[in-house]
Each structure stands twice: as C-alpha cells, then as structure tokens.
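Trainee: build me a model:
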Amino acid sequence: MKDIKKLVDTLRQQAVGKTCMGTGNYSFDVITRRVYPDGFVVGKRNRFEEKVLMMEIGNTCGNVMTMLPYLGVKTFPVAMFDVSPQGYQMRRDLRAYGADDRFVSNTFDGGTTILRCVYKLDKEGKPAMGHKGSSAGKPWNGPSARPARKYLSSKGGEVDALVESMGFTPEVFFFDVAQAGHRALAERLHEKGTLVYFECDFDGHRIENEKSRRAAYRAFRRCVEASDVVKMSGEHVQDLSFADAYHDKLFIQTLGAEGLRFKLGVGEWIKLDPIVNPDYKDYEGAGDWTSSTLIAALCGRDRLKVKDMTVESVKEVLTIAQRVASYSVGFYGSKGMIHADENFKKQDDTLEMPHYTKKLMYLHDAASAGYSGTSMGILKYLPEDWQLLMPDCPVDAEDCLKMLKELCEREKPDLIIGRGQGGFYAQMLRGYKRICLNPALDISNDADVKVGSHQFVINRRDGVQKYEITPEILEGYHRLKARQFDGISDFDRENCYGLFGDHDTDCGHYKSLFAEHYKHICSFPGGHRMEPDEIEQYLMPLIKRLVSTLV
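Mentor: A predicted model of the protein is given here:
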C-alpha cells in the first residue's frame, strides 16, 4: 500500500501541468450491494435486501476524467448532460474530483445515463456483478431503458466551434465511442499535436446484421486511424490482424486475468503477465485505472509521440498502470481507492445555476419520481429562466406532506403542479397557486398504496427500486384523506385549479368532488397521463397564465 501511494505521488509530481480532454461514455453510477439476511443457500431463492453504497459519476470516460486529476493530470471533459438531479450531480462530481467543467453543460436536450451496478451472489453462490442501464427518470427495464446520450455532433460546425473556443491545446485527447463527432475532434486535435488515445468499446463483430456490422467496423477503423494509442479488451475486439496495417501506433489489448499485450509500431505483440491482488473485491474500474495511469505516466515521462516510445519505455509505463489497476480492485466502486485515500479531499463542487425569474414545483404520481415523463414534458416548454423543482416524494403520506410543506416554505414556489397522488398533495399545500392534474383525491384506495411490496416504475434519485406499504402507512393515508379539505381559504378557492382528462378512468370521477371545494375546473381530451402534445396544448397555457398573474 505504501508503495502504491509513493508511486501515485511520483506520478503526480511528474505529470504536473499536463492536460487531457475527453469525451464519450459518462453515466451516473448507482452502486448497490445485496445482503442476504437469512443466509445464502445454493439452489434456492434467497431473500435479499439491497443497500446503496455510493452514487456518483462513472463509465469509461467519466472515470478517466475523474481519475486523471487524482494522478496529477488536469482534465477537460466534454459532455452535455440533462437537467435531472443526476445530470447536475454528474457535473458537480467532475468538479469535485478536479476536472475543469468549462465544456460541460446541463440542458434539456442533453442526456444522462443511469447505470445501476449490483454486487450480488450468482446461482452458485459466487460473487457476481449485475448491470442495468436507463436514461434519467426512465424505468430500468423496457424499451425506454436505452442510454440517453447527447454526443458531440460532427455537423453544423460544432467541432470547429469547440476547438476555436478552447484557447489551448491539450497534451492528450481521450475518447471511447466510435462516433463521428468524437472522431472529428480527435482529428482536429491530432493536427495540433495532441496525443490521441482511443479506448475501443466495440468493433461490431457481434452484430448479426451484416450491413450494420460492416458500418460499425468502418467506424471503428476510422477511429483507429485518427488515434496514436488504441486500447481494447480481448472481449470486445478479438481479431487483431488489422493492427499490422499501422506502423505508427501503440496497440494495447487487455486479457482479463491473463494480463495484457501490446504492439508498438512495426513490432510484434508482447505479453505482460497479470499482477494479482489477493485482496480482490471488485474489478469494476480496473481498465479505467489502467488507461488513466498509462496516460499520466506518458505525460510524466514526456512520451507523447509514438515515435519517441520504445518497447522498454512502454513496458515500464504499462507495468505501472497494471500495478495501480491491481491495487484498485481491492476496493468497492471504480474510484474506491480514491475514497480510501485519507489525504484526498474533494475540490470545489459548487455549481453556478442559471438565474431563474420564476420557480415552479412538480409533484409526481404514486410509484413514480420527480424526474419523469410529465416533468420532462413540462421542462421542454418552460422558458429558460423558469426553474422546475422535482422532488421525489416519500412513501409515507404524512411524512411526505410535512416534507413538502417545509420545501415550499424554503423555496417559495410561484406555482405547484401535482399529478395523481401529487395532485392529492398539491391541493393540501394551502396559500400557493396550484394545478391539480387528475388528482387522486381518494389515494388510500390506489393500487400503488395497498399493503405489501411495490416497485417504483421510474428511477428515483436515491436509486431505490422497491417500497413497502405497511398497515401503519396505509392508515396514515386514511387520516390524511379525512382532513384533506380542511383550512381552505378564499385564496385557495380562487387559485387552485383542477385539470381533468376526459378519458381518465383512474381519477376522472373526482371532478365533482374537487368542484365542491374549488372554483376552477378545466379539462383536456386525454387520459390519466398527459402526452407531450397535450402538455403543450393544454397544460402549458394554464401554467403560463397563472404564473403571469402572480401578485
């Protein structure tokens, strides 16, 4: 351990002043671990509980951009995240680990991928890792669980504009997706003398459709041509014959438990044995530590041109990279070794938010989350200077109402919009302008709050997937329902609007009950959940009318 710390300190000292720009795969990693309270028996269905260990930025490029500052190299990630809580946290995480976020943004058109990593036991009782991915606010499974990525476009002069705005030339450019925008940026920076490092994630050989497979392979080869260092795993790229066509590159192939091998220029492939860590806990991030340490070592030794590299110098830096990567697997999480470093302190992670002139709050339906399809639809049509707060509501109704009242007192929203169960809560938040969208006024009879175990249909910020309704929690819903119309003032009657779908079979019948207490009832020709065009046509005009009449 002392040797690794000494090695890292040396890398930092040698790499001071060097820079690396990176773009590609970023994700918000939710790291969880299954525990088996009744023990584990092979061949049986074992009861388990999942505990969240950490939630932070990850994936290949996200890891490299946060590992390199720890090793002394200043990083400049290029990314466009969305405006979800996860998207903002990813940007804050980049800053906290020491990256410069001047080329990172949060916009509605951006993308944020949530990757849920589960440490568990397989059917034979052996340690295993499970992965599920989704875009922020979307379910973990199903057709909507594809990564929401916003890649740098190769069209419209986007790459040229980025390069012209930089004001500096990085020593290294890292990318890990064979996409045209990344490749175009690699080519532009290579022309300026930057060492281009391509971490290949796929060469297309597993694609069944021949046309798609050929297209993927062409994209892979074009990225190889634009690069100086190409690193790939034996799992993702198996046929290495293409490497013989290039005499000016360093190729590296990782082989898992078998170590790795490399090919420099016109030389032969040379294998390096693995460095085994007997205290192994987690292999996640080992490959990213290999890349990050290799880049830092190349920077520290000024080996930033392939022509200046020798077989012995490559062996030296790769051995250093293997040592750090091997050490990293003794910790949980890709950046576990950083967390365990008592001398490491996160840097300023404050994030300057846009200037907002109006503040709105959206309250979601049962078994859902703040960042959902409805809130995304509202965000799409809001003016840029209007903020939308999207809290995840607690399962316990009385705790939830208490939390929402405290949040309203602190944030003082100009308007509250609640859908379904959120509409039930919204109408009880006295003294604020509100829109209750298909409010579930008899929430205690909702199927999602029946006694028993339930599944959240939308990803929540804390990564929790399941919730339990106990008899005590259900009784709390009944108590709240009994007093939900208490204390309604003249202001509330005038400023709390009901918006009901004509075809809502879940909550449409509550329209008459709502009308007994409030003055304004509106309708739209839809169901319980508003479609995007319905949000634009029916909800947004009402939102803007109520906000514009604030006194």
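Trainee: contacts and neighbour counts: CA atoms only from here.
Mentor: Fine.
Trainee: break this protein down into its domains, please.
Mentor: Residue ranges for the domains of the chain, per automatic domain parsing: 2-339, 358-548.
Trainee: with mean pLDDT, mean neighbour count and distance to residue 352 added, can I get the ones you listed in CSV?
Mentor: Listed next are these as CSV, based on pLDDT from 0 to 100; neighbours: other Cα atoms under 10 Å; distance: least, Cα to Cα, whole Å:
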stretch, mean pLDDT, mean neighbour count, distance to residue 352
domain 2-339, 91, 19, 10
domain 358-548, 94, 18, 14
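Trainee: between those, which one is nearest to residue 350?
Mentor: Nearest to residue 350 among the domains of the chain is domain 2-339; the distance by Cα to Cα comes to 6.6 Å.
Trainee: C-terminal to the helix or strand harbouring residue 410, what's the next element?
Mentor: In the assignment (DSSP states H and E), residue 410 maps to helix 397-411. Next along the chain after helix 397-411, taking DSSP H and E as the criterion, comes strand 415-419.
Trainee: for the longest helix along the chain, packing partners?
Mentor: Scanning the chain for the helix with the most residues, using DSSP state H, yields helix 311-328. Judged by 3 or more Cα pairs under 8 Å, 6 or more residues apart in numbering; DSSP states H and E, the packing partners of helix 311-328 are helix 2-15, helix 286-300, helix 336-339.
Trainee: extract the C-alpha trace of it and format it as PDB.
Mentor: Provided in PDB are the C-alpha atoms of helix 311-328 (Å, rounded to 0.1, in the frame of the first residue of the first chain):
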ATOM      1  CA  VAL A 311       9.500  -1.200 -26.200                       C
ATOM      2  CA  GLU A 312      11.200  -0.800 -22.800                       C
ATOM      3  CA  SER A 313       9.500   2.500 -22.100                       C
ATOM      4  CA  VAL A 314       6.100   1.100 -23.000                       C
ATOM      5  CA  LYS A 315       6.800  -2.000 -20.700                       C
ATOM      6  CA  GLU A 316       7.700   0.400 -17.900                       C
ATOM      7  CA  VAL A 317       4.500   2.600 -18.100                       C
ATOM      8  CA  LEU A 318       2.200  -0.400 -18.700                       C
ATOM      9  CA  THR A 319       3.700  -2.200 -15.600                       C
ATOM     10  CA  ILE A 320       3.000   0.900 -13.600                       C
ATOM     11  CA  ALA A 321      -0.600   1.000 -15.000                       C
ATOM     12  CA  GLN A 322      -1.000  -2.700 -14.100                       C
ATOM     13  CA  ARG A 323       0.200  -2.100 -10.500                       C
ATOM     14  CA  VAL A 324      -2.300   0.800  -9.900                       C
ATOM     15  CA  ALA A 325      -5.100  -1.100 -11.600                       C
ATOM     16  CA  SER A 326      -4.400  -4.200  -9.500                       C
ATOM     17  CA  TYR A 327      -4.400  -2.200  -6.300                       C
ATOM     18  CA  SER A 328      -7.800  -0.600  -7.300                       C
END
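Trainee: and it with helix 286-300, angle?
Mentor: Interaxial angle of helix 311-328 relative to helix 286-300 (axes from the mean of the first three to the mean of the last three Cα atoms, to 10 degrees): 140 degrees.
Trainee: distance from helix 311-328 to the middle of the chain?
Mentor: Helix 311-328 sits 30 Å away from the centroid of its parent chain (Cα atoms, centre = their mean, to the nearest Å).
Trainee: which other residues reach that helix?
Mentor: Applying Cα atoms under 8 Å, 6 or more residues apart in numbering, the contact partners of helix 311-328 are 4, 264, 272, 274-277, 283, 285-294, 297-298, 334-337.
Trainee: want to throw the helices and strands packed on helix 311-328 into TSV with distance to residue 545?
Mentor: Below are these laid out as TSV (distance: least, Cα to Cα, whole Å):
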stretch	distance to residue 545
helix 2-15	57
helix 286-300	51
helix 336-339	49
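Trainee: out of these, flag the one nearest residue 110.
Mentor: That would be helix 286-300 among those, by Cα to Cα, at 24.1 Å.
Trainee: show me where the stretch 101-250 of the chain has its strands.
Mentor: With DSSP state E, counting those that start in this stretch as the criterion, the stretch 101-250 of the chain has strands at 104-106, 113-121, 127-135, 172-175, 195-199, 229-233, 250-254.
Trainee: from the middle of its chain, how far away would stretch 370-383 be?
Mentor: In terms of Cα atoms, centre = their mean, the centre of stretch 370-383 is set 18 Å apart from its chain centre.
Trainee: over to stretch 215-230?
Mentor: Relative to the centre of its chain, stretch 215-230 is centred 26 Å away, using Cα atoms, centre = their mean.
Trainee: what does that stretch rub up against?
Mentor: Contacts of stretch 215-230 (Cα under 8 Å, 6+ apart): 178-180, 183, 186-187, 190, 195-200, 202-205, 248-252, 305-306.
Trainee: ok so, going back, need the domains of the chain in CSV with distance to residue 345, can you?
Mentor: As requested, the domains of the chain are arranged in CSV below (distance: least, Cα to Cα, whole Å):
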stretch, distance to residue 345
domain 2-339, 8
domain 358-548, 24
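Trainee: ok, which of those comes nearest residue 349?
Mentor: Between residue 349 and the domains of the chain, the shortest separation by Cα to Cα is 4.6 Å, and it involves domain 2-339.
Trainee: just to revisit the earlier point, which stretch among the domains of the chain comes nearest residue 347?
Mentor: When those are compared by Cα to Cα, domain 2-339 sits nearest residue 347, at 4.5 Å.
Trainee: picking up where we left off before, of all the helices and strands packed on helix 311-328, which one is nearest residue 430?
Mentor: Of all the helices and strands packed on helix 311-328, helix 336-339 sits nearest to residue 430, with 44.4 Å by Cα to Cα.
Trainee: got a list of contacts for that closest one?
Mentor: For helix 336-339, the surrounding residues in contact (Cα under 8 Å, 6+ apart) are 70, 327-328, 330-331, 344.
Trainee: picking up where we left off before, quick one: the longest helix of the chain to helix 2-15, angle?
Mentor: 130 degrees.
Trainee: got the angle for helix 311-328 vs strand 250-254?
Mentor: Computed by the same axes, to 10 degrees, the angle between helix 311-328 and strand 250-254 is 30 degrees.
Trainee: helices of the stretch 101-250 of the chain, residue ranges please.
Mentor: Ranges of helices within the stretch 101-250 of the chain are 158-166, 180-191, 210-225, based on DSSP state H, counting those that start in this stretch.
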